[in-house]
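Asker: need coordinates for the below:
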Amino acid sequence: MRRATRLRLSLFTATDLAIGRAPLTPQNSQADPRREIYLQGMVAYLNDLLRDYRRGETASEALSRLRAFLPRLPCSDLVTLSSNGRPGVAEAPGARDTIAFHADRLKILFLDGLHRGAESPAIPAGRFAPQVARIVSALARGVSESALSRLLAQGGVDMSGAIEGLRAIELIEEVDPSVPVVPQSLREGGKDRLTWLGHACVLLQTARASVCVDPFLRPHLKWTAEESRSSFSDDFGDRLLFEPYGPGLPQLSPAQLPPLDAVFITHQDTDHCNLGVLMMLPEDVPIVVPEWRGDHPWEVDLAALIRRVLGRRRRIVRLKHGETVTIGDLRATAFPFVSEVPSSLTTRWNCYLFETPHGAVACTADSAVTDEGVDFLIGRLGRRKKPFVLCARALHSGETSPGYRDDLESLFNFTRLWAWYMPVWDLFQPVEQPGISEGRFRRLARRTNLRFYLPYAMGTAPWFRIADANDPLHVPMANLSARDLRVLSDSVTAISRRAALFPGKFARPFPLAEA
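Answerer: Model (predicted):
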């Protein structure tokens, strides 16, 4: 007798979101009329300036002069100059999609790691995004044809054609439900264990709880011939973090996560809060997010965004600094996230300390681990002497930098939300570097039972090195080199004989009892 099959999203696909043709980012995750007023005003101003230039110059000379002036304006890439017919300035195609949330233009993308096309298949979900997200969530886990038909009937939007289209291009496939999709190592119960899943994503499992932090998982990839030659050099730090290493290395789709009791989000950047990945999770998994304040327009209200896009069935928990939530035998406490924005724009973003009966893990993502953060960790862990793992950006000298920078050559980065709200006097105010200074690491190692340091949130997986910026799977991400990891290992050993680099490999749980 033939076993009943189910329909499931292929492991070679994962969902993502866009506003029109613009990827969903913090900048267009919320509406702020001021940003669109700026765009309208810039167009009007530049057209006035062009008319002024033309009073004493030819049309081509005036346009050339305006083109030279344009880079002086913030966000000048939002406009386009035309020399066809009557020269003038207009909004660039899709400009508004990049700077504000427009629900009607919301699209759900299906990243395809198997066929690797120039564009991702997409469903223009608009205001029906929650209904589509519910169906995607069911497909990610696997659903029978009859159950899918019921979901489609309840959704209030006709998705039957889209489902058939995704099946035709092999992004939805028939699977045997008796064959487990979650790797066996992530299904095993028992002792406390920590697993690194790439970038800033970690999985913490105990005998009674399983939580994931900042899930940013990509679809399985079929490597191109060029990528197979260029992406697996021994110079990359990946070779120390994957077993085996090479084109056949392990990959993990969002659908392969084990059953979770909660997901924790540190902050709003899409490589930490990725709604495409969250969409693929069961609707009843609690999502813990930072508190939000309405007077901080540089922060995204993540709870409202998740409910708006993924639906009000999603269980959202806001966690303030100093507050603790208990999940099974695991306690999670939020503490301040510092850096990634200019010093005057404080945030309510979270770092998290996870404590189990037998160990502790601190996830700090892109934050700077400041004196306040070190004091908090010492206060919670100094007396108990539990084995402790610190997940943080790289060790550094402790020097501050003159003003927050995504890139030294860019005073502003208008793909980031903070740039719209930073006062000019804060342009060169000193800011803490992300990661932890050697001095603070030394104090933390002396006052707690710090056993391992996981340098993370810096890519360090081959799929973050896809070179073609036009590839839908391209992610502009820095990656650690093998030399970086060796230097970090030597630094940790020199600072503390008891601490070492975290020895766990990608998707392979490491027992905290061995810490």
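
Asker: my read: Leu480 touches Ala457, true?
Answerer: No. With contacts counted by Cβ atoms under 8 Å, Leu480 stays clear of Ala457, the gap being 10.3 Å. Using the backbone N, CA and C atoms, a C-beta is placed for each residue, glycine as well.

Asker: pLDDT below threshold where in the stretch 101-250 of the chain?
Answerer: In the predicted model of the stretch 101-250 of the chain, no residue satisfies pLDDT under 70.

Asker: could you chop the chain up by domain?
Answerer: 33-99, 184-514 (automatic domain parsing).

Asker: including mean neighbour count and distance to Ile123, could those go into TSV?
Answerer: Below are the domains of the chain laid out as TSV (neighbours: other Cβ atoms under 10 Å; distance: least, Cβ to Cβ, whole Å):
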stretch	mean neighbour count	distance to Ile123
domain 33-99	14	17
domain 184-514	19	12
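
Asker: nearest to Leu106, out of those domains?
Answerer: Leu106 lies closest to domain 184-514 among these, at 6.9 Å (Cβ to Cβ).

Asker: now the closest one: how far from the chain's centre is it?
Answerer: 9 Å (Cα atoms, centre = their mean, to the nearest Å).

Asker: give me the contacts around the helix or strand containing Arg446.
Answerer: In the assignment (DSSP states H and E), Arg446 maps to helix 438-447. Residues from elsewhere that reach helix 438-447, judged by Cβ atoms under 8 Å, 6 or more residues apart in numbering: 369-371, 374, 377-378, 382, 390, 395-398, 436, 450, 453, 491-492, 495-496, 498-499.

Asker: can you name the farthest residue from the center of the protein?
Answerer: Here the chain reaches farthest from its C-alpha mean at Gly56, the gap being 50.9 Å by Cα atoms, centre = their mean.

Asker: and it, what element?
Answerer: Per DSSP H and E: nothing holds Gly56, as it lies in no helix or strand.

Asker: pLDDT at it, what is it?
Answerer: Note on Gly56: pLDDT of 89.

Asker: please tell me how far it sits from Arg65.
Answerer: 10 Å (Cβ to Cβ, to the nearest Å).

Asker: list the contacts of Ala129.
Answerer: Ala103, Leu106, Ile108, Arg308, Val309, Leu310, Gly311.

Asker: now the first one, nearest residue through space, not along the chain?
Answerer: Leaving out its chain neighbours, the residue that sits closest to Ala103 by Cβ to Cβ, 6 or more residues apart in numbering is Arg127, at 5.2 Å.

Asker: compute the number of surrounding residues for that neighbour.
Answerer: 11 (other Cβ atoms under 10 Å).

Asker: and for Leu11?
Answerer: Counted with other Cβ under 10 Å, the neighbours of Leu11 add up to 19.

Asker: okay, and it sits in which element?
Answerer: Counting by DSSP H and E, Leu11 is found in no helix or strand.

Asker: ok, it touching Gln256?
Answerer: Yes. Using Cβ under 8 Å, Leu11 is in contact with Gln256, at 6.8 Å.

Asker: tell me, what's touching the two both at once?
Answerer: By Cβ under 8 Å, 6+ apart, the residues touching both Leu11 and Gln256 are Val181.

Asker: which SS class is the one residue sitting closest to the centre of the chain?
Answerer: With distances taken as Cα atoms, centre = their mean, Asp271 lies nearest the centre of the chain, 1.3 Å away. What DSSP: H, G, I helix; E, B strand; the rest coil gives for Asp271 is coil.

Asker: cool, and Val182?
Answerer: coil.

Asker: that one and Leu260: what is the separation?
Answerer: 11 Å.

Asker: ramachandran angles for the residue nearest to Gly435 when sequence neighbours are not counted?
Answerer: Computed as Cβ to Cβ, 6+ apart, the closest residue to Gly435 that is not its neighbour in sequence is Arg393, at 3.3 Å. Main-chain dihedrals, Arg393, degrees, to the nearest 10: phi -70, psi -180.
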